[in-house]
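**Student:** fold the following for me, if possible:
(one chain, ligands or ions: 1)
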Amino acid sequence: MKPYYNFIAGEWVQGARTLQNINPSDTADVIGEFAQANAEQAFQAVAAARQAVPAMAKMTIQARSDALDFVSRELFARREELGTLLAREEGKTLADGIGEVARASYIFRFFAGEVLHASGDLIDSVRPGVRVEVTREPIGVVSIITPWNFPIAIPAWKIAPALAFGNAVVFKPAELVPGSAWALSEIISRAGFPAGAFNLVIGKGSEIGAALIESPQVDAITFTGSVSTGKRIASQAVGRLAKLQMEMGGKNPQIILDDADLNVAVNVALQSAFFQTGQRCTASSRLIVTDGIHDRFVNALHERMQTLRIDHALKAGTDIGPVVDQSQLDQDLRYIEIGKREGARLVFGGERLQRETNGFYLQPALFTETTADMQINRDEIFGPVASVLRVKDYDEALAASNDTQFGLSAGIATTSLKYAEHFKRHAEAGMVMVNLPTAGVDYHVPFGGRKGSSYGPREQGKAAREFYTTVKTAYIG
Ligand code: ADP
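**Tutor:** Numbering: from 1, shown residues only. Okay, the predicted model is just below:
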């Protein structure tokens, strides 16, 4: 089988050992045998990045823009091939896989342009005979640690701005998706960045994570993943005063008001809760529904859920692919049991499904008669499991939607301008959606949340500059 190596200091290098990656739609399908870096190799990657900092500083903005544009073009040209690999490896549908690769391409294109827009300020001093310049400089070495649910888009929205603003990168993808990470890295390796400016280390977070976080040669760390890992990384990174940005969990609310268009409400809920197997940090798992529409909404959603086709990610007509792996499936099933034990009513789904191939298939689950204090309404499950919380009116709905430790995305389905406007202002979330699913965002505007969902500056769009650069104020006498 083709060896999938790490990329360190401009060379493809073998790992300390290898690990097989399997297809969650068909566990007999082995995607590849991937190199696993050890801690020593992770330190080598960090050292290579450190050494490449001066070369990155010399790289002209034209050369950086051209290199990012190269990546963008190749991703777009190969979106079907890479989208197929992504869907095969992660389990999202082929259309979603191709869409994700196209999105990654647009992200690289956006930052190819953003390089050329970098600018500063020239300001009068309050003192006579003095001028002030405010400019932005690269931070240096950035460690990029990513999850498995968007194996190309999330790395893209961290790697592209890191390189655009002149930093050197060490990229560590999630254990479950080395194929997509390797393919993206292979393209970047040919884009024209100096040797060492971009490094890939594939391996277990618990083994190589520390090198990427604790090394004094790393200036900044950007992480997307679980709350527990995020907290561990924060304690290591902040302890040594490294710059840090993190995107973690969500328990995103979707409010459905009496005056909502029923079709819109059902579509939005279906999309937010179950598509991409509920494995999105912006997915909505709490459907907060007012009394007057509750029964109609539940009936209509129930009906639509019965039409969903759960099958092999690459099969034509599949709406929802498998859960990503056995351990995530176990977690989903455990929460479904917890919901039942807590007294919620499981009105649909929640059982493991058998298909032609052996995969981690789960029928999306819907709970009703739930209360805010139930564990299924408090913890992030990260699967196709949603609960309906019945409320009296908008005020109760708003209070319930904000009653969470998280604050990433919050949605409302309503035809009332008054409630939509009020919700936009009072939802305690980084992103608010009116008559749109909580998941599904643009790539050219800020992405991120509040409370326990995020830490540090926003990602994507123009906001990315904040994290990937540092400000210098120069006084000229
Ligand atoms: P998820 O299961 O949602 O991907 P994790 O937080 O487990 O969330 O993983 C997100 C990323 O963090 C992965 O790349 C994983 O390898 C990495 N990771 C896990 N543990 C550590 C750690 N101790 N230090 C650094 N990175 C880690």
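**Student:** make sure Phe193 is indeed in a strand.
**Tutor:** No: per DSSP: H, G, I helix; E, B strand; the rest coil, Phe193 lies outside any strand segment and is coil.
**Student:** so what does it have for phi and psi?
**Tutor:** With angles defined as degrees, to the nearest 10, Phe193 sits at phi -80, psi 150.
**Student:** what number of residues lie near it?
**Tutor:** 24 (other CB atoms under 10 Å). Yep, even glycine has a C-beta here, placed from its N, CA and C like the rest.
**Student:** residues in the protein within reach of the ligand, list them.
**Tutor:** 145-148, 172, 174-175, 205-206, 209, 213, 225-226, 229, 232-233 (CB under 6 Å from any ligand atom).
**Student:** if we use 5 Å, what do you get?
**Tutor:** Residues of the chain found near the ligand (CB under 5 Å from any ligand atom) are 145, 147, 174, 205, 209, 225-226, 229.
**Student:** need those in TSV (columns: secondary structure and neighbour count).
**Tutor:** Below are those laid out as TSV (DSSP: H, G, I helix; E, B strand; the rest coil; neighbours: other CB atoms under 10 Å):
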residue	secondary structure	neighbour count
Ile145	strand	25
Pro147	coil	22
Ala174	coil	23
Gly205	helix	18
Gly209	helix	22
Gly225	coil	21
Ser226	coil	15
Thr229	helix	18
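**Student:** how about stretch 422-434: buried residues?
**Tutor:** 422-423, 427-433 (16 or more other CB atoms under 10 Å).
**Student:** mind listing which of the residues you listed are in strands?
**Tutor:** 431-433 (DSSP state E).
**Student:** among those, which one lies nearest to the ligand?
**Tutor:** Met431 (19.0 Å; CB to the nearest ligand atom).
**Student:** the closest one: what's it in contact with?
**Tutor:** Contact analysis of Met431 by CB atoms under 8 Å, 6 or more residues apart in numbering lists 282, 408-410, 438, 441, 447-449.
**Student:** and if we set it to 10 Å?
**Tutor:** 250, 252, 282, 407-411, 438-439, 441, 445-450, 453 (CB atoms under 10 Å, 6 or more residues apart in numbering).
**Student:** give me the buried entries from these.
**Tutor:** 250, 252, 282, 407-411, 438-439, 441, 446-450, 453.
**Student:** which members of those are positioned in strands?
**Tutor:** Short answer: the buried ones among the contacts of Met431 in strands (DSSP E) are 252, 409-411.
**Student:** quick one: which of the residues of the chain next to the ligand is nearest Ala464?
**Tutor:** Looking at those and their distance to Ala464, the nearest is Ile145, at 16.6 Å (CB to CB).
**Student:** how near is the spatially most central residue of the chain to Val115?
**Tutor:** Centroid check for the chain by CA atoms, centre = their mean gives Ile154 as the closest residue, at 5.0 Å. Applying CB to CB, to the nearest Å, the value for Ile154 to Val115 is 21 Å.
**Student:** Gln354 too?
**Tutor:** 50 Å.
**Student:** same drill for those two, tell me which one is more crowded.
**Tutor:** Neighbours per residue (other CB under 10 Å) separate Gln354 from Val115, with Val115 holding more: 24 against 8.
**Student:** can you pull the phi/psi pair for that one?
**Tutor:** phi -50, psi -40.
**Student:** gap between the closest residue to Ala283 other than its chain neighbours and Ala118?
**Tutor:** Spatially, and ignoring its direct neighbours in sequence, Ala283 is nearest to Ala439 (5.2 Å; CB to CB, 6 or more residues apart in numbering). Applying CB to CB, the value for Ala439 to Ala118 is 31 Å.
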